[in-house]
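> All I have is the shape, not the residue letters:
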């Protein structure tokens, strides 16, 4: 039973990223390149990809600046759809920080991102299972 659950988890993870295709930045549509350059002034572009889901193609540009990551998702016209900005856990309001630490119990908080999607912001945590919080 444990093996079956692990296999399903691996398959589900693979399926989630199977539609993503890595690209060179120069291969992105011109409108996306222009918008990305405007949004990432002073940052280093470290990757680009495209993904088609439910017939909708989006383009992601991955950047770093001052040791923090920032990922941007655009449509083909260069409109920014989503930004994921790495933030310090200590920069969050006390209640949000406490909730994240509670949820990460038994694991290490590897990264906290502020995700902006259509003017809505939320904090997202990536946890490494089995590792103790610092």
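Sure thing, it's come through. Not measured: the values here are computed from a predicted model.

> Going by neighbour count, list what's buried in stretch 54-61.
For stretch 54-61, burial by neighbour count (16 or more other CB atoms under 10 Å) applies to 58-61. Where C-beta positions appear, they are placed from N, C-alpha and C, glycine not excepted.

> Next up, the contacts around residue 57.
Residue 57 is in contact with 50-51, 75-76, counting by CB atoms under 8 Å, 6 or more residues apart in numbering.

> Let me see the ranges of the helices in this structure.
Using DSSP state H, the helices found in the chain span residues 2-18, 30-39, 94-103.

> now stretch 75-85: how far from the chain's centre is it?
Between the mean C-alpha location of stretch 75-85 and the chain-wide mean there is a distance of 12 Å, by CA atoms, centre = their mean, to the nearest Å.

> For the remainder of this discussion, apply numbering that starts at 28.
Okay, using 28 as the starting number, the last item reads as stretch 102-112.

> And for residue 104, the neighbour number?
9 (other CB atoms under 10 Å).

> can you give me phi and psi for it?
Backbone dihedrals for residue 104, given as degrees, to the nearest 10, come out at phi -90, psi -10.

> pLDDT score for the nearest residue to it once chain neighbours are set aside?
Leaving aside its sequence neighbours, residue 104 sits nearest to residue 58 (CB to CB, 6 or more residues apart in numbering; 5.4 Å). On pLDDT, residue 58 comes in at 98.
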